[in-house]
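Asker: Quick one: sequence plus predicted model below, questions after.
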Amino acid sequence: MTTSSDISPVVGRLVELTPDAEADISRLLAQLTDEASADSARISEMLALPHCHLLVARAGERIVGMASVCIYTIPTGRRAWIEDVVVDARWRGRGIATRLVESAIDQARRVSPCTVMLTSRPSRVAANRLYRHMGFGSKETNVYKIEV
């Protein structure tokens, strides 16, 4: 019998949103924030964008982790933003988040030079430790938000 500890999730780009994938993404987003839920139209729109990638870690047929990365160019250079990094609670501590973030960075390297950015709440101690360990430095800036 195969258990979850025997499975090493495979990280890749999600190219099609199936009902099962949407359900898995909803489950993951609920573990990340109370503010978001999977919206099939929004996810399908993202999947159609050439410089936005929804990266997923699959264990068998289930998505057990995800991260998104969007790459764009502005007058001061090329940027990549990593967002929505989350691994199912039952799968944490196995290096899945590291592999997801590495995959996002690899997407940015394809269009280098590129500055890779991400945000993480201070309360996410393990995530912040991971990002520092991976070479990310903290940037002295304020992040502002407005819903339009």
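Answerer: Yep, that arrived.

Asker: Could you pull out the strands in the protein for me?
Answerer: 10-13, 52-59, 62-74, 77-87, 115-118 (DSSP state E).

Asker: What is the last one packed up against?
Answerer: Applying 3 or more CB pairs under 8 Å, 6 or more residues apart in numbering; DSSP states H and E, we find strand 115-118 packed against strand 77-87, helix 96-109. Bear in mind the C-beta positions are built from the backbone N, C-alpha and C, glycine included.

Asker: Each with direction, which strands does it pair with?
Answerer: Paired strands of strand 115-118, with direction, are strand 77-87 (parallel) (DSSP bridges).

Asker: tell me the average confidence for the strand it pairs with?
Answerer: The pLDDT scores in strand 77-87 average 96.

Asker: when you give positions from now on, start the count at 805
Answerer: Will do, 805 is the new start, and the previous item becomes strand 881-891.

Asker: Stretch 918-932 spans what distance, first to last residue?
Answerer: 21 Å (CA to CA, to the nearest Å).

Asker: what's the answer for stretch 911-929, then?
Answerer: 26 Å.

Asker: Okay, buried residues for it please.
Answerer: Buried residues in stretch 911-929, counting neighbours by 16 or more other CB atoms under 10 Å, are found at 911-912, 918, 920, 922, 924.
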